[in-house]
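J.: Sharing a sequence plus its predicted fold:
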Amino acid sequence: MIRDTSAQDRLVVAGPNRHRKLLIAGGAVAVLVAIGFAIPKIGTMFSADSSVSASRLSFGTVTRGPFVRDIAAEGKVVAAVSPTMYAPYGGAVVLQVHAGDVVKKGQVLAVVTSPELTNKLAQEQSAADAMQVEYLRAQVDAQKKRSELQKAYDNAVVDQTAADRDLKRYQGAYEKGAVPVADVDKAKSALEKAGITQKHAQSDLRVDNDSLTFDIQAKKLAHDRQVLLVKDLQRQVDDLNVKSPVDGQVGQLFIAERATVAKDAQLVSVIDLTALEVEMKVPESFARDLAIGMPGEITGNGKEWKGKVSAISPEVVNGEVAARLRFDGQSPQQLRQSQRLSVRILLDRRDNVLTVQRGSFVDESAGRYAYVVNDGMADRRDIRVGASSIDKVEILDGLKEGDKIVISGADTFGDAKHVAIAR
């Protein structure tokens, strides 16, 4: 039988442990201190309208310094002059160039064959020639008619002079008693008749001369009108040889070789490489600040060029406005159509301006308020913003230098005025 150990056990009385008491007392004091520090924060947490995790927010600090408003974007090279040639008349087209060919002003790019227009020109030219013959014949006929009228008038004048002499002779003979009074009266009647004939001949000469002049003028106007019609047709026939209006390079051929096209169909485009511009898209919010003539910088190919805003589109497309910059001086020769370049337009520059990093809070509150962060709490405060750039916004009122605000993510706050920021 195995005996137990009860005979070997003895009672030990524990004495007081001073070190342990000190540890317990220190822990109690630490807990009380932590509770003391936590009580204000706990009170703050209970006073907040809501709580949002800081990981869902972005913050910015109000600073004072230089404020530069500019627009930076990517642009592409476009030709300031890039005319497109159209078919002046329907017909078959024979192309004289290929895409990429260098052409000179006045060089024929394509020839449109139009038998209908050519035949019409020939017909109208023949009609013009016939009208010219009629005009010349009218001049000859008028000259003959005027000669006949002048002859009749001259004869009437001669007859009147002869009748006047006869009357004087009869009157002298009558006074001497050589002829009866009847012969004198007869001579007077002959003189009166000759005078009437002379007056009518003079009137016919004047009236018929005017009539002949009007007839010639009418035939001349008809001929001139026909000549103008022929010139217009000749111009249309000449335009069948489609010529380049500028020195440049063939950009695009819109038709196939020897294709039959309708009037006003696109044929070929020409790019004037001596007048290049850079086209860029500007956000609608900045477009209102743009103005023609503003300076800009264009960079690409490891180089930088100066430019100026030359055009601003009046139309907004997908929230953007198209603008163009023209190179100062001569366009760089190494650039090509549609090449990508970086563009920067300087709108404004000021010193000693209160600014903060731009964020969605400007659009969410329309710039009327912002949430100022302090000791884990975001308090809504009324503010007033001014001008804005790509990355900064000007603060006019409501904030001071060093204030930390929520620049994005405040849309989750709703209408809360006090929001706790949870770490």
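T.: Yep, it's here.
J.: Check which helix or strand the residue positioned nearest the centre of the chain maps to.
T.: With distances taken as Cα atoms, centre = their mean, Ser313 lies nearest the centre of the chain, 6.0 Å away. Per DSSP states H and E: Ser313 is located in strand 303-317.
J.: Which strands and helices lie in contact with that strand?
T.: The helices and strands touching strand 303-317, judged by 3 or more Cβ pairs under 8 Å, 6 or more residues apart in numbering; DSSP states H and E, are strand 276-283, helix 284-287, strand 295-300, strand 320-327. To be clear about C-beta, it is placed using only N, CA and C from the backbone, and glycine gets the same treatment.
J.: circling back: tell me how far the residue nearest to the centre of the chain lies from Val282.
T.: 9 Å (Cβ to Cβ, to the nearest Å).
J.: list the residues that contact both of the two?
T.: Residues touching both Ser313 and Val282 (Cβ atoms under 8 Å, 6 or more residues apart in numbering) are 321-323.
J.: Make a markdown table out of the residues you listed and add pLDDT.
T.: Listed next are the shared contacts of Ser313 and Val282 as a markdown table, based on pLDDT from 0 to 100:
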| residue | pLDDT |
| --- | --- |
| Val321 | 90 |
| Ala322 | 90 |
| Ala323 | 90 |
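J.: List just the nearest of the residues you listed to Val97.
T.: Checking those against Val97 with Cβ to Cβ, the nearest one is Ala322 at 30.1 Å.
J.: right, and that closest one touches Pro283 too?
T.: No - applying Cβ atoms under 8 Å, one finds Ala322 not in contact with Pro283, separated by 11.7 Å.
J.: The two - which one has more neighbours?
T.: A direct count of neighbours by other Cβ atoms under 10 Å for Ala322 and Pro283 places Ala322 higher, at 17 against 13.
J.: The more buried one pairs with what?
T.: Lys281 (DSSP bridges).
J.: what's it in contact with, if anything?
T.: 279-282, 312-313, 315.
J.: now do Val112
T.: Per Cβ under 8 Å, 6+ apart, neighbours of Val112: 87-89, 91-93, 240-242, 261.
J.: what do you get if the cut-off is 7 Å, keeping everything else the same?
T.: Residues near Val112 by Cβ atoms under 7 Å, 6 or more residues apart in numbering: 87-89, 91, 93, 240, 242.
J.: Check which residues of the helix or strand where it lies are buried.
T.: Val112 is part of strand 108-113, with elements assigned from DSSP H and E. Neighbour-count burial for strand 108-113 flags 109-110, 112 (criterion: 16 or more other Cβ atoms under 10 Å).
J.: circling back: give me the contact list for the strand holding Ser313.
T.: For strand 303-317, contacts defined as Cβ under 7 Å, 6+ apart pick out 277-278, 284, 290-298, 321-328, 332, 345.
J.: Thought Asp247 was touching Glu104, still the case?
T.: Just to correct that, residue 104 is Lys rather than Glu. Yes - counting by Cβ atoms under 7 Å, Lys104 does reach Asp247; the two are 5.5 Å apart.
J.: Just want to know which of those two has more residues nearby.
T.: Neighbours per residue (other Cβ under 10 Å) separate Lys104 from Asp247, with Asp247 holding more: 16 against 10.
J.: just checking, what packs against whichever strand or helix holds Leu117?
T.: Leu117 is part of helix 115-175 when elements are defined by DSSP H and E. Using 3 or more Cβ pairs under 7 Å, 6 or more residues apart in numbering; DSSP states H and E, the elements in contact with helix 115-175 are helix 181-239.
J.: what mean pLDDT does the next helix or strand after the helix it packs on have?
T.: Counting by DSSP H and E, the next helix or strand C-terminal to helix 181-239 is strand 241-243. The average of the pLDDT scores along strand 241-243 is 93.
J.: Low-confidence bits of this structure, can you list those?
T.: Scanning the chain for pLDDT under 70 picks out the ranges 1-49.
J.: run the last query once more with 50
T.: Applying pLDDT under 50 to the chain flags the ranges 1-2, 13-15, 31-46.
J.: before we move on, back to that, from the buried residues of strand 108-113, which single one is nearest Thr412?
T.: Checking those one by one against Thr412 (Cβ to Cβ), the nearest turns out to be Leu109, at 62.5 Å.
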